[in-house]
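> compute the structure for the input listed below.
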Amino acid sequence: MIRKPKRTWMRQLALTGVMGGLLVLQGLALHGAEVSFGREKETLTADLRGVPLGDALKLMGERMGWNVFVEPGLESRRVSTRFTDLAVGESLRRVMGELNYALIRGSGEKASKLLVYATSASSATQEIELSEQVVIFYSKRIDNEIIVQIKPGSPMTIEEIAEALDAEIAGEVEGLNAYRLRFKDEASADAARERLKDSDALQISDNYEWGRPGENQPFIQGGGAGFSLKPGKTDGNEIIVGLIDMPVQSSDDSLSEFLLPGITIGDGTAAPSDVPSHGTSMAQTVLKGVELGNEGQSESSVRILPIDVYGGSDTTSTFQVAAGIYEAVKAGASIVNLSLGGADAAPFMEQMITEASQQGVLFVGAAGNSPGKDYTFPAAYPDVLAVTAAGRNGEPAAYANTGDFVDVMVPGRSFVEYNGTTYMVNGTSSSAAYVSGLAASISANTGKPVREVEFELRQNLPKP
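Numbering: from 1, shown residues only. Here you go, the predicted structure:
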């Protein structure tokens, strides 16, 4: 039975603060002051000598994921303290001195609130504006490599081409006649680019290195940020979201039940188990988007296909990402989530996306965590639904890209649960993952093709 959606997800989307890309908060510093959190012992270490109380509260709020309110006039008071590995309560007392404070614990996705005041908690009305810590998408050309795609009908083989150019075949995308050639140095690669640029039988692209999305940090207020969605029967008709990312850790049964057997592009080194990988965070965020689009329905036929394009490395490449896209589409993904990217276009990747889009595949990309309007790829390709992040006020987040290629905007914060700890992530990465899940849910519940759902999202979701 096809259920007509009620569109209540539009109102929920406007109210929720569920998204993000990366939270990097190890040792936050401000004007020489510093606050860091020891994850194993759940203790704080700080160097806050001679700084205004407002700055100290800003650092602690960002470090701990608290909303902080202070009595007007107190923020200019000076704080002078240093400590190492103190419990949270004792740390607060050292920072506040003779002032009073109240820490109102949140739960799940509701942030804890810290009130700082002289005599009455009701006087703590001035909110401390916190920065949202994100990772900027990193991109660099790999100077000693090129991507070669052999066009149909060409009499040349890649072995002959590599031998003629004195290059090593470092990778291939089976079925596309696309190969990654590595040279001994930049000069040799430049000579090959010049030699092949006018070839009618070959398409030549540069290969770019993209940085690892980063690591998450704890949102210090306990658990409760998981999801209640259950996997429903699919009868072979599941909606598959291809997640092009880092490995997805499946230690949590509520997540693992939604995961299809993953595909690895690269060496396949396992992700560290002490914190959730970016892939794990994005997988959970996709499912939160599914849950919202489900409008109260407890089960879903949406499944996630993890595609690890990092292979245990700190970087990936546009060639590896394109190979991951190819594998996702070949495996039946109707939605491909791209919560990663860089500043440089890769024609080889764009061609793959265009061809898959023409076959009905929806691509959702993160617009990037650099304020401004510069292009971020793959989000900026015409056939990708580019998603940027909104802040709590409904305007674009301070870090969010608002270029003319951006199509829609949703909240830029996500909370994920891993091994009993809640983690908060900020950025356009989770904004994209959230929209991927929402699109998948609507398609699964209505029977509409995902490209038709894409049109609906473009019409209904806000733009920056």
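
> only C-alpha atoms from now on, for both contacts and neighbour counts.
Fine.

> and the spatially closest residue to Gly403 that is not a sequence neighbour, what does it touch?
What sits nearest to Gly403 in space, not counting adjacent residues and going by CA to CA, 6 or more residues apart in numbering, is Lys373, at 3.6 Å. By CA atoms under 8 Å, 6 or more residues apart in numbering, Lys373 lies in contact with 401-404.

> let's see the helix or strand harbouring Gly61 as PDB, backbone CA atoms only.
Assigned by DSSP states H and E, Gly61 falls within helix 53-64. Taking Å, rounded to 0.1, in the frame of the first residue of the first chain, the C-alpha atoms of helix 53-64 are listed here in PDB:
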ATOM      1  CA  LEU A  53      34.700  35.300  31.700                       C
ATOM      2  CA  GLY A  54      32.800  35.500  28.400                       C
ATOM      3  CA  ASP A  55      35.800  34.100  26.500                       C
ATOM      4  CA  ALA A  56      36.200  31.300  29.100                       C
ATOM      5  CA  LEU A  57      32.500  30.400  28.900                       C
ATOM      6  CA  LYS A  58      32.700  30.400  25.100                       C
ATOM      7  CA  LEU A  59      35.500  27.900  25.100                       C
ATOM      8  CA  MET A  60      33.800  25.700  27.700                       C
ATOM      9  CA  GLY A  61      30.500  25.900  25.900                       C
ATOM     10  CA  GLU A  62      32.100  24.900  22.600                       C
ATOM     11  CA  ARG A  63      34.100  22.100  24.200                       C
ATOM     12  CA  MET A  64      31.100  20.600  26.000                       C
END
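
> which helices and strands does it pack with?
With contacts defined as 3 or more CA pairs under 8 Å, 6 or more residues apart in numbering; DSSP states H and E, the packing partners of helix 53-64 are strand 28-30, strand 33-38, strand 67-70, strand 78-87.

> before we move on, the earlier item: any chance of CSV for the contacts of Lys373, columns distance to Pro411 and secondary structure?
Compiled in CSV, these are given as follows (distance: CA to CA, whole Å; DSSP: H, G, I helix; E, B strand; the rest coil):
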residue, distance to Pro411, secondary structure
Asn401, 13, strand
Thr402, 14, coil
Gly403, 17, coil
Asp404, 19, coil
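
> now, of the residues you listed, which are buried?
401-403 (16 or more other CA atoms under 10 Å).

> dump those into JSON lines; add pLDDT as well.
Below are the buried ones among the contacts of Lys373 laid out as JSON lines (pLDDT from 0 to 100):
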{"residue": "Asn401", "pLDDT": "93"}
{"residue": "Thr402", "pLDDT": "94"}
{"residue": "Gly403", "pLDDT": "94"}
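
> now name the helix or strand holding the spatially closest residue to Met409 that is not a sequence neighbour.
Distances taken as CA to CA, 6+ apart place Thr388 nearest to Met409, at 4.8 Å, with adjacent residues excluded. Using DSSP H and E, Thr388 sits in strand 384-390.

> re earlier: now flag whichever of the contacts of Lys373 is closest to Lys184.
When the contacts of Lys373 are compared for distance to Lys184 (CA to CA), Asn401 wins out at 37.0 Å.

> surely that closest one and Gly368 touch.
Yes: counting by CA atoms under 8 Å, Asn401 touches Gly368, with 5.6 Å between them.

> got any residues that touch both of these two?
Common neighbours of Asn401 and Gly368 (CA under 8 Å, 6+ apart) are Thr388.

> show me where the protein has helices.
8-15, 53-64, 88-96, 158-165, 186-196, 253-256, 278-293, 318-330, 347-358, 428-446, 450-460 (DSSP state H).

> okay if I get those helices as TSV plus mean pLDDT, mean neighbour count and distance to Glu209?
As requested, these are exported to TSV (pLDDT from 0 to 100; neighbours: other CA atoms under 10 Å; distance: least, CA to CA, whole Å):
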stretch	mean pLDDT	mean neighbour count	distance to Glu209
helix 8-15	50	14	34
helix 53-64	84	24	30
helix 88-96	92	17	40
helix 158-165	96	14	21
helix 186-196	96	15	15
helix 253-256	82	16	30
helix 278-293	92	28	18
helix 318-330	96	23	7
helix 347-358	93	17	14
helix 428-446	95	30	18
helix 450-460	96	16	29
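
> among those, which is nearest Val364?
Across the helices of the chain, closest to Val364 is helix 428-446 (CA to CA), at 6.0 Å.

> what angle do the closest one and helix 278-293 make?
40 degrees (axes from the mean of the first three to the mean of the last three CA atoms, to 10 degrees).

> okay, helix 428-446 in CSV with CA atoms only?
What follows is helix 428-446 as a C-alpha-only set of coordinates in CSV (Å, rounded to 0.1, in the frame of the first residue of the first chain):
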residue,chain,number,x,y,z
THR,A,428,27.3,20.6,5.5
SER,A,429,28.3,16.9,5.5
SER,A,430,25.4,16.0,7.7
SER,A,431,23.1,18.4,6.0
ALA,A,432,23.6,16.4,2.8
ALA,A,433,23.2,13.1,4.6
TYR,A,434,20.0,14.3,6.2
VAL,A,435,18.5,15.2,2.8
SER,A,436,19.6,11.9,1.4
GLY,A,437,17.7,10.1,4.1
LEU,A,438,14.7,12.3,3.7
ALA,A,439,14.6,11.7,-0.1
ALA,A,440,15.0,7.9,0.4
SER,A,441,12.1,7.9,2.9
ILE,A,442,9.7,9.8,0.7
SER,A,443,10.5,7.6,-2.3
ALA,A,444,10.1,4.4,-0.2
ASN,A,445,6.7,5.6,1.2
THR,A,446,5.2,7.1,-1.9
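
> and the angle for it with helix 450-460?
Going by the same axes, to 10 degrees, helix 428-446 makes 120 degrees with helix 450-460.

> centre of the chain to helix 428-446, how far?
On the basis of CA atoms, centre = their mean, to the nearest Å, helix 428-446 sits 13 Å off its chain's mean C-alpha point.

> next one: stretch 374-393
That offset, for stretch 374-393, works out to 12 Å (CA atoms, centre = their mean).

> and for stretch 354-364?
On CA atoms, centre = their mean, the centre of stretch 354-364 falls 21 Å from that of its chain.

> quote the end-to-end distance of it.
Using CA to CA, to the nearest Å, the end-to-end distance of stretch 354-364 comes out at 13 Å.

> just give me the neighbour total for the spatially closest residue to Gly54 that is not a sequence neighbour.
The shortest distance from Gly54 to any non-neighbouring residue, by CA to CA, 6+ apart, is to Glu75 (4.2 Å). Glu75 has 20 neighbours, counted by other CA atoms under 10 Å.

> could you do Leu260 as well?
Leu260: 14 neighbours (other CA under 10 Å).

> excluding chain neighbours, what is closest to it?
Among residues not flanking Leu260 along the chain, Leu305 sits closest, at 5.1 Å (CA to CA, 6+ apart).

> which residues touch that neighbour?
For Leu305, counting by CA under 8 Å, 6+ apart, the contacting residues are 240-243, 259-263, 328, 333.
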